[in-house]
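Q: pasting the sequence and the predicted model now:
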Amino acid sequence: MNYKYLFGPVPSRRLGISLGVDLVPYKICSFNCVYCECGKTTNLTLERSEFFSTKSIIDELTDFLKKKPFLDYITFSGSGEPTLHSGLGKIVDFLKTDFPDYKIALLTNSSLLGDKKVQDEIKKIDVVVPSLDAVSEEAFNQINRPLNTITARQIIDGLYDFSKNYKGKIWLEIFIISGINDNQNELDMFKQVIADLHPDKIQINSLDRPGTELWVKKTSDEVLNQVKEYLYPLSVEIISKPEAINNLKVEETDNAVNLILSIIKRRPCTIEDLQTATGIPVKKIKENIDKLINDKKIEDNKQDRGNFYRIKLN
């Protein structure tokens, strides 16, 4: 079965071996973040909808999970903000009923965490990884470029409200962009908000793949460590590179092409990234990359870390 809504499993820098579930089409989101590896938001919205058939997503999950693959998490992420899908609660309930041994994670930009209906739909999720990239309105608008009705204060209040009754783990992610949200004033505000929120983890992230805006660069390890030290005694970890997958092998060419394409569709990757994510031999990856380029399905983008391949948009 060729999966339309599932991608991976891939090694996640935060979640180990993760099966991605993409709930919204490219590129529907409530933010247009300057660092987003998926590219520019083309539909900026807070309106929830059943963008993809809930039944079709559940059918794909059933087909995949009945084989009992090893996974650390099933993760709602992908091409846009997952909480915008109105069937999210039904999918969570299905997983917890039919495949209760698997843990579920949600990566979210936090824009809908203050919505009571969304809170109810995601209350059974094991780990929620919400983003908070800025506390000041100026830095928030500069980094996240949200729908014009969304403010940083609303995001923070939504996080507080959600955390009151949520029983799972909250791993708060902060994406650091030097010169915008790493100054003393912003870090002081972060420290106060985090102290009041009491997340289970604080994860500092930085650019790893090409972002939406070319001016966004990877933050140095020195700066990331300075931020970590400044936030002390809060418990902070810097997100590191994932370990390679060694127990997943895709030997058939058709399957290799589909898997590579499904991953590149969601995020730009180097050949090394793809080998780490899939376990496919480098030679076979290169063969399939050449085929996908010749078929005009992907394109390359040279960056400091290497040659990234991304989906070619019409």
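A: Thanks, I have the structure now. If you're wondering where the values come from, they're calculated on a predicted model, not measured in any experiment. Residues are numbered from 1 along each chain as shown.

Q: got the confidence number for Arg209?
A: Here, the pLDDT recorded for Arg209 equals 75.

Q: look at Lys117 and say how many residues are nearby.
A: By other Cβ atoms under 10 Å, the residues close to Lys117 number 13. Bear in mind the C-beta positions are built from the backbone N, C-alpha and C, glycine included.

Q: same thing with Asp182?
A: Asp182 has 20 nearby residues by other Cβ under 10 Å.

Q: how near is it to Thr270?
A: 26 Å (Cβ to Cβ, to the nearest Å).

Q: try Val216
A: When distance is defined by Cβ to Cβ, Val216 is 18 Å away from Thr270.

Q: more neighbours: which of these two?
A: Comparing Val216 with Thr270 by other Cβ under 10 Å, the one with more neighbours is Val216, at 20 against 17.

Q: please name the residues that touch the more buried one.
A: 34-35, 177, 207 (Cβ atoms under 8 Å, 6 or more residues apart in numbering).

Q: wait, isn't Ser178 in contact with Lys217?
A: Yes. Between Ser178 and Lys217 there is a contact under Cβ atoms under 8 Å: 7.5 Å.

Q: low-confidence ranges in the protein?
A: For the chain, applying pLDDT under 70 flags the ranges 240-254, 277, 303-305, 313-314.

Q: one more time with 50
A: 246-253 (pLDDT under 50).

Q: which parts of it are strands?
A: With DSSP state E, the ranges of strands along the chain come out as 6-12, 16-22, 28-29, 43-44, 73-77, 104-108, 127-130, 169-175, 201-205, 236-238, 298-303, 306-311.

Q: which neighbouring elements make contact with the third one?
A: Under the contact definition 3 or more Cβ pairs under 8 Å, 6 or more residues apart in numbering; DSSP states H and E, strand 28-29 sits against strand 43-44.

Q: and the contacts of the strand it packs on?
A: Residues from elsewhere that reach strand 43-44 (Cβ under 8 Å, 6+ apart): 27-32, 146-147.

Q: again, but for stretch 261-275
A: Residues outside stretch 261-275 that contact it (Cβ under 8 Å, 6+ apart): 3, 6-8, 10, 20, 22, 26, 37-38, 77-79, 209-210, 244, 260, 277-278, 280-282, 285-286, 289, 292, 297-298, 301, 305-311.

Q: if any of the residues you listed are buried, give me the PyMOL selection for them.
A: Remark: buried members of these, expressed as a PyMOL selection using 16 or more other Cβ atoms under 10 Å:
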select buried, resi 3+6+7+8+10+20+22+26+37+38+77+78+79+209+210+260+277+278+280+285+289+292+298+308+309+310+311
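
Q: returning to that earlier point: tell me the most buried of the strands of the chain?
A: With neighbours taken as mean count of other Cβ atoms under 10 Å, the strands of the chain reach their highest mean count in strand 73-77, at a mean of 26.

Q: grab the nearest non-local neighbour of Lys123.
A: Once flanking residues are discounted, Lys123 sits nearest to Tyr166: 6.2 Å by Cβ to Cβ, 6 or more residues apart in numbering.

Q: let me see the contact set for the one you found.
A: By Cβ under 8 Å, 6+ apart, the contact list for Tyr166 reads 119, 122-123, 128.

Q: can you redo the contacts of Val216 as JSON lines with distance to Ile58 and neighbour count?
A: JSON lines is the format used below for those (distance: Cβ to Cβ, whole Å; neighbours: other Cβ atoms under 10 Å):
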{"residue": "Val34", "distance to Ile58": "34", "neighbour count": "21"}
{"residue": "Tyr35", "distance to Ile58": "32", "neighbour count": "22"}
{"residue": "Ile177", "distance to Ile58": "37", "neighbour count": "25"}
{"residue": "Leu207", "distance to Ile58": "34", "neighbour count": "19"}
